[in-house]
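Q: got a structure for you, letters missing:
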């Protein structure tokens with residue numbers, strides 16, 4: 001049993017005025033209590049002036065990618081031993097950033113799916129994304145063409161117990177030769193994927209940079225959309241009727257925000273050619289929020305030096321800049337992300353998984369507090385902490 005004493009809490013939806021004590025037992029949250037009561041038999045961690053909140057969830061990562069530029073291009077060169085090391089490093093970076101659950105949306109040759117149960121963090125995985133022949137991320141091994149091949153691809157993922165099916169509805173910036181502002185599949189083909197997946201109890205999320213790909217994905221009935229950049233005619237175009245449709249269908253949109261440095265020159269040139277910029281993206285995110293579109297936090301972590309693993313705090317800062325309230329932003333990486341991923345995490349309430357982090361400061365007032373993670377608890381066990389020994393009894 002573990003009792004975490006803190007100055008205040010965010011429970012996944014709202015603030016709890018402090019002082020607060022979170023009690024965990026057998027991997028679950030047993031209680032969240034005001035004050036610092038004595039808890040018989042519990043190890044006590046005094047977190048001082050920190051805020052406790054649920055462990056963060058990054059809903060879009062690539063654990064096979066090594067957080068260096070050209071990461072996805074180099075995947076075919078990696079040996080299985082090197083892939084293991086890259087995956088472990090990515091998870092370590094995420095852990096230090098307070099991320100206790102990741103959703104991997106594109107591995108190579110099932111590397112993440114096959115080892116997802118070996119790690120401290122909860123790893124959800126899609127396996128290789130379903131893509132068109134020589135389409136975006138084709139080298140991961142997910143090429144499929146035609147109705148029966150698409151159905152077969154979904155069935156293979158179900159047999160391998162994936163947590164979500166990912167389909168590449170448009171091209172991508174990281175795969176030369178693909179058309180980012182166009183579609184890789186017809187609406188009918190996307191519907192085939194969605195219907196087969198849903199019949200097997202699996203959700204579908206669609207990578208979609210082009211406006212047409214987003215529209216087709218919505219019409220096909222996907223559960224989530226990654227990027228949702230809405231590129232058309234050299235600009236980001238987000239029509240009101242599309243926002244209406246996204247909100248009405250309650251589709252979880254992951255904007256894949258967050259970066260720590262500018263992308264490589266060839267990616268930057270492609271952004272400029274397509275009319276994509278951080279300012280335009282943040283503006284679109286704010287408009288979608290104002291229109292009732294549900295956002296979940298994810299970073300595309302691992303694909304480059306500026307999109308390394310462990311940058312959730314940067315992504316959430318971008319969402320605040322877009323005009324979203326801190327409470328909504330924090331929920332997008334906790335309770336909202338947990339809902340999108342279908343896991344009993346992301347909330348400080350009895351019976352939920354005891355994944356808890358502490359950050360120095362109050363992220364409800366200043367989102368940059370998330371850059372200062374001091375303690376990470378997974379399943380009721382302290383995974384990492386900067387607390388001195390005398391603060392643990």
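A: All right, it came through fine. In this text, all values refer to a predicted model and were calculated from it rather than measured experimentally.
Q: show me what stretch 224-242 is in contact with.
A: Identification of contacts with stretch 224-242 by CB atoms under 8 Å, 6 or more residues apart in numbering yields 60, 105, 164, 166, 180-181, 203-212, 214-215, 217-218, 246, 251-256, 273-276, 280-281, 284, 287-288, 291, 296, 298, 340. Every residue, glycine included, has its C-beta placed from N, CA and C.
Q: who does whichever strand or helix holds residue 101 pair up with?
A: Taking DSSP states H and E as the criterion, residue 101 maps to strand 99-104. Strand 99-104 has the following sheet partners, assigned by DSSP bridges: strand 56-61 (parallel), strand 122-125 (parallel).
Q: what are the contacting residues of it?
A: 55-64, 91, 94, 112, 116, 121-126, 163-164, 298, 301, 310, 312, 337-338, 341, 343, 345-346, 355, 357, 376, 378, 383.
Q: returning to that earlier point: any quick PyMOL command for the buried ones out of the contacts of stretch 224-242?
A: For the buried members of those, the matching PyMOL selection, counting by 16 or more other CB atoms under 10 Å, is:
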select buried, resi 60+105+164+166+180+181+203+204+205+206+207+208+209+210+211+212+214+215+217+218+246+251+252+253+254+255+256+274+275+276+280+281+284+288+296+298+340
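Q: about what we covered before: adding distance to residue 3 and mean pLDDT, write the strands paired with strand 99-104 out as JSON lines.
A: Output for the strands paired with strand 99-104, formatted as JSON lines (distance: least, CB to CB, whole Å; pLDDT from 0 to 100):
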{"stretch": "strand 56-61", "distance to residue 3": "22", "mean pLDDT": "98"}
{"stretch": "strand 122-125", "distance to residue 3": "23", "mean pLDDT": "98"}
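Q: which one of those is the most hemmed in?
A: Among those, the stretch with the highest mean neighbour count (mean count of other CB atoms under 10 Å) is strand 56-61, at a mean of 30.
Q: quick one: that strand to chain centroid distance?
A: Centroid separation for strand 56-61 versus its chain: 2 Å, with CA atoms, centre = their mean, to the nearest Å.
Q: what's in contact with that strand?
A: Identification of contacts with strand 56-61 by CB under 8 Å, 6+ apart yields 90, 94, 97-105, 226, 252, 254, 256, 296-302, 309, 312, 333-334, 337-338, 340-341, 343, 345-346, 357, 370.
Q: just want the angle from the helix or strand just after it to strand 99-104.
A: Per DSSP H and E, the first helix or strand lying C-terminal to strand 56-61 is helix 80-96. Relative orientation of helix 80-96 versus strand 99-104 (axes from the mean of the first three to the mean of the last three CA atoms, to 10 degrees): 140 degrees.
Q: what average pLDDT does helix 80-96 get?
A: The predicted model assigns helix 80-96 a mean pLDDT of 96.
Q: counting contacts, what elements does that helix pack onto?
A: strand 56-61, helix 111-115, strand 373-378, strand 381-385 (3 or more CB pairs under 8 Å, 6 or more residues apart in numbering; DSSP states H and E).
Q: can you give me the helices in the stretch 101-250 of the chain?
A: Along the stretch 101-250 of the chain, the segments classed as helices by DSSP state H, counting those that start in this stretch run 111-115, 147-159, 187-199, 211-220, 240-249.
Q: export these to a markdown table and tack on mean pLDDT and distance to residue 141?
A: Below are the helices of the stretch 101-250 of the chain laid out as a markdown table (pLDDT from 0 to 100; distance: least, CB to CB, whole Å):
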| stretch | mean pLDDT | distance to residue 141 |
| --- | --- | --- |
| helix 111-115 | 96 | 10 |
| helix 147-159 | 98 | 10 |
| helix 187-199 | 98 | 16 |
| helix 211-220 | 98 | 21 |
| helix 240-249 | 98 | 30 |
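Q: contacts for stretch 308-320, please.
A: 56, 58, 61, 63, 67, 89-91, 93-94, 96-99, 255-260, 278, 282, 285, 295, 297-299, 301-302, 326, 329-330, 332-333, 367-368, 370-371.
Q: try stretch 79-91
A: 61, 63-67, 78, 102, 108, 111-112, 115, 119-121, 123, 301-302, 309.
Q: rewinding a little: can you tell me which of the contacts of stretch 224-242 are in strands?
A: Counting by DSSP state E, those place 60, 166, 204-210, 252-254, 296 in strands.
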